[in-house]
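Q: mind folding the following:
(one chain, ligands or ions: 1)
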Amino acid sequence: MSQPKVTVLHGPNLNLLGVRQPDVYGYETLDDVNNALREKALMAGWAINCFQSNHEGELIDTIHAARLDGTLAIIINPAAYTHTSVAILDALNAFEGKVIEVHISNVHKRESFRHHSYVSLRADGVIAGLGTQGYQVALDAIIESDG
Ligand code: CA2
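A: Numbers count the residues shown, from 1 in each chain. Model (predicted):
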């Protein structure tokens, strides 16, 4: 049997993790986050695709690719697109697997424009405010529930 697959998507500006605003987003870089996720996935026998883009269409294309290649789950931090993107919501609605939305910061403690998420209308689970550990919690949940 082929390995179960999970895709991890990081939205705009998350390439700056660990480089700017550590008071809000912490000191771990995106590579640190992805490497820890890859290690966990490897140990559990899962294939993992980690992808960051500053472009909405590239994130959507990657969601479409996950839909077609049998990916069981998507972990997504849509970053600012969380609060604006009906297009990402539509793409996720066409994906049949599990979707977990992750935010590094507690968006509910921040400006009111961050309190609404289009992606939450589709997400099976939402994690906010646990720092970069939120991604690990999301992957644990996926692995433990077998997708
Ligand atoms: O808390 C989160 O994970 C957010 O999704 C991060 C987004 C923000 O727009 C959301 O409201 C909440 C911003 C990502 C920007 O990431 C940076 C990381 C380091 C330095 C500067 C930006």
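Q: residues from this protein in reach of the ligand?
A: 13-14, 16-17, 20-21, 25, 77, 79-80, 82, 103-105, 107, 114 (Cβ under 6 Å from any ligand atom). Heads up, the C-betas are built off the backbone N, CA and C, glycines and all.
Q: what is the nearest of those residues to Ile48?
A: Asn77 (15.0 Å; Cβ to Cβ).
Q: excluding sequence neighbours, find me the nearest residue to that closest one.
A: Among residues not flanking Asn77 along the chain, Val102 sits closest, at 4.7 Å (Cβ to Cβ, 6 or more residues apart in numbering).
Q: next, count neighbours for that neighbour.
A: Neighbourhood size, Val102 [other Cβ atoms under 10 Å]: 25.
Q: residues in contact with the host helix or strand of it?
A: Taking DSSP states H and E as the criterion, Val102 maps to strand 98-103. Defining contact as Cβ atoms under 8 Å, 6 or more residues apart in numbering, one finds that strand 98-103 is touched by 72-78, 82, 92, 117, 119-120, 122-129, 134-135, 138, 141-142, 145, 147.
Q: same question for stretch 125-133.
A: 17, 25-26, 28, 32-33, 98, 100-109, 117, 120, 134, 137-138, 141.
Q: could you rerun that using 10 Å?
A: 17-18, 24-30, 32-33, 36-37, 75, 77, 98-110, 114, 117, 119-120, 134-138, 141-142, 145 (Cβ atoms under 10 Å, 6 or more residues apart in numbering).
Q: in strands, which of those residues appear?
A: Among the contacts of stretch 125-133, the ones falling in strands (DSSP state E) are Ile75, Asn77, Lys98, Val99, Ile100, Glu101, Val102, His103.
Q: longest helix in the protein, please.
A: If you go by DSSP state H, the chain has its longest helix at helix 30-44.
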